[in-house]
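[1] My questions are about this predicted structure, shown below with the sequence.
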Amino acid sequence: MVTRGLLLALFLALAALSPGIGVAGAQTATPAPKEATEPVIKQLEAFRRDDFDTAYTFASSEIKEQFSRPAFEQMVKTGYPEIAHSIFATIAASAVGPNGHVYVSVKIRGANGNSIEAFYELVLESDQWKINGVTSKPDPGLV
């Protein structure tokens, strides 16, 4: 699994090249296809229903090798409380990396009142996009 720091660095590098976010004259990254962002939204919806069985189906095989279904639930609840119990989420940006992985930035408001920006990495497995990692940072700008 990609480390949190590496995932964040990869996304930030890609976001800097994305249209509308990038530096003038920089090469632009390819925007991610809409279907690549759907697992993120569907997983967040499952978490809102406390349906960790469904949420687990959106995880990549690499994540499933590292976390059993119960360990996955525990990891999300303790490490990502805003993701585990969000009340609002919106896609802020997405890009396809040179490795073919998709990187998605999501603005999330947790039921705990905290706002974060979550950075997801998705991989294509058997023609389906799967979540391969996430990292987050506080987002005081979310209303």
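    Looks like it came in fine.
[2] Name the spans of the protein whose pLDDT lies under the cut-off.
    Along the chain, the parts satisfying pLDDT under 70 run over 1-29, 31, 142-143.
[3] 90 instead?
    Across the chain, the ranges flagged by pLDDT under 90 are 1-34, 140-143.
[4] Name all residues that make contact with the residue nearest in space to the middle of it.
    The structure's the chain has its C-alpha centroid closest to Tyr120; by Cα atoms, centre = their mean the separation is 2.3 Å. By Cβ atoms under 8 Å, 6 or more residues apart in numbering, the contact set of Tyr120 is 40, 103-106, 131, 133-134. All C-beta atoms are positioned from the backbone trio N, CA, C, and that covers glycine.
[5] same thing with Asn112?
    Neighbours of Asn112 in contact, by Cβ under 8 Å, 6+ apart: 81-82, 85.
[6] how close does the residue nearest to the centre of the chain get to Val40?
    5 Å (Cβ to Cβ, to the nearest Å).
[7] now swap in Pro81 and tell me
    17 Å.
[8] Could you find the closest non-adjacent residue to Glu38?
    Nearest non-adjacent residue to Glu38, counting by Cβ to Cβ, 6 or more residues apart in numbering: Trp129, 7.2 Å away.
[9] was I right about that neighbour contacting Ala36?
    Yes. Counting by Cβ atoms under 8 Å, Trp129 touches Ala36, with 4.6 Å between them.
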